[in-house]
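S.K.: What follows is a predicted structure for the sequence shown.
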Amino acid sequence: MPYSPGILDQFEEDAVNRINDFNDTRQEWRRLFAEFFATFFLVTVVAGVGMVASKYPGSVSPAMKGAAIGLVIMAMILAVGKISGTHMNPAVTLAFATRGDFPWRRVPGYVVVQIAAGFLAALTLTALVGVSSSDGGSYPGADTTPLTAMFVEMLITFGLVSVVMGTASGAQSVGTFAALGVGGYIALSAMWGGPLSGASMDPARSLGPNVVGGDLGPIWVYMVGPFAGAVLAVGLAYLLRGHGGRLSTREVAQGALGGEGSQTPPPPPPKAL
């Protein structure tokens with residue numbers, strides 16, 4: 001008997017249409033909201049552990065801080081990575097764009113929502129925890145000069161962005177691999193780099209808590225260091241893998257559901273029974 005479309009076919013068609021909507025620039029708000037969401041929770045956890053440790057001394061150990069940072073990164077990549085790419089970091093966005101894996105026209109929107117999320121997270125934490133958000137901000141260690149802290153930030157961001165772009169390449173471009181690789185690297189870097197520079201690696205993570213807390217400190221350290229490290233990572237990626245812009249890396253950098261060049265094929269035509 002001939003096949004007649006039913007309600008399940010309509011559901012499948014609707015699902016395909018929703019996915020293809022991500023290729024429509026009018027749906028850019030979905031990527032931006034996902035990026036805002038992920039960055040907000042990143043800064044909430046990263047700055048929050050410092051603020052809670054300040055309010056309740058002895059409640060958070062350095063190892064716990066590093067683990068918390070790594071775990072929230074893993075969670076956000078798995079939660080919304082396929083929507084926005086979960087950069088959560090202007091330096092990562094710049095690196096992907098410079099490498100040709102992310103369109104430059106999207107860079108301003110991503111950077112704005114990342115920074116806005118950092119400010120909102122700092123304001124929220126101040127209201128909830130009841131201490132200055134500068135207690136969760138980014139500052140050089142007591143015996144670390146700003147210049148040394150800048151080089152620490154450059155070094156660990158160089159490693160971070162290299163891991164990010166490495167797990168966005170070829171067979172590694174799977175959400176679980178990216179979450180484990182990036183989260184694990186950040187947790188380890190925070191354990192040794194935290195006492196020296198705060199291990200920010202992220203201008204959006206530093207600006208919100210520092211500004212809202214009223215103590216900018218040598219904020220240039222957390223602008224120059226991460227961006228310089230990101231540029232070095234792009235150079236390393238070129239040496240190791242050549243030019244960027246491959247479909248697999250573009251899908252990861254832009255969100256697999258919304259990457260330019262990532263087209264979801266239409267469902268196959270129904271077969272006669």
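M.R.: Alright, I've got the coordinates. Numbering: from 1, shown residues only.

S.K.: Buried ones in stretch 47-59, by neighbour count?
M.R.: Of all the residues in stretch 47-59, those buried under the rule 16 or more other Cβ atoms under 10 Å are 47-54. Where you see a C-beta, it was placed from the backbone N, CA and C, and this is true even at glycine.

S.K.: can you list contacts of it?
M.R.: Stretch 47-59 has contacts (Cβ atoms under 8 Å, 6 or more residues apart in numbering) with 60, 64-65, 68-69, 121-122, 125, 129-133, 135-137, 205, 208-209.

S.K.: hmm, 7 Å instead?
M.R.: Stretch 47-59 has contacts (Cβ atoms under 7 Å, 6 or more residues apart in numbering) with 60, 65, 68, 121-122, 125, 129-131, 133, 135-137, 209.

S.K.: ok, then the element right after the helix or strand hosting Thr98?
M.R.: Element membership for Thr98 (DSSP states H and E) is helix 90-99. With elements assigned by DSSP H and E, the helix or strand that comes after helix 90-99 is helix 107-129.

S.K.: per-residue confidence averaged over stretch 205-216?
M.R.: On average, the pLDDT along stretch 205-216 is 95.

S.K.: For it, which residues meet the burial criterion?
M.R.: By neighbour count on 16+ other Cβ under 10 Å, the buried set for stretch 205-216 is 205-213.

S.K.: ditto for stretch 135-153
M.R.: Under 16+ other Cβ under 10 Å, the buried positions of stretch 135-153 are 135-140, 144, 146, 149-153.

S.K.: which helix is the longest one in this structure?
M.R.: helix 28-55 (DSSP state H).

S.K.: and the next helix or strand after it with helix 107-129, angle?
M.R.: Proceeding N to C from helix 28-55, the next assigned helix or strand is helix 62-84, under DSSP H and E. Between the axes of helix 62-84 and helix 107-129, defined by axes from the mean of the first three to the mean of the last three Cα atoms, to 10 degrees, the angle is 140 degrees.

S.K.: Distance from the chain centre to helix 62-84, please.
M.R.: Here helix 62-84 is found 9 Å from its chain centre; the criterion is Cα atoms, centre = their mean, to the nearest Å.

S.K.: Next: stretch 222-241.
M.R.: 16 Å.

S.K.: Contacts for that stretch next, please.
M.R.: 91-92, 94-95, 98-99, 138, 150, 153-155, 157-158, 161-162, 165, 169, 200-203, 206, 244.

S.K.: Please list the members of those residues that lie in helices.
M.R.: 91-92, 94-95, 98-99, 150, 153-155, 157-158, 161-162, 165, 203, 206.

S.K.: Just the buried ones from the contacts of stretch 47-59, in PyMOL syntax?
M.R.: In PyMOL syntax, the buried subset of these is picked out as below (16+ other Cβ under 10 Å):
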select buried, resi 60+65+68+121+122+125+129+131+133+135+136+137+209
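
S.K.: Dump the contacts of stretch 47-59 into a markdown table; add distance to Ala187 as well.
M.R.: Converted to a markdown table, the contacts of stretch 47-59 look like this (distance: Cβ to Cβ, whole Å):
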| residue | distance to Ala187 |
| --- | --- |
| Val60 | 14 |
| Lys65 | 9 |
| Ala68 | 8 |
| Ala121 | 19 |
| Ala122 | 22 |
| Leu125 | 21 |
| Val129 | 22 |
| Gly130 | 27 |
| Val131 | 24 |
| Ser133 | 22 |
| Asp135 | 21 |
| Gly136 | 17 |
| Gly137 | 20 |
| Pro209 | 19 |
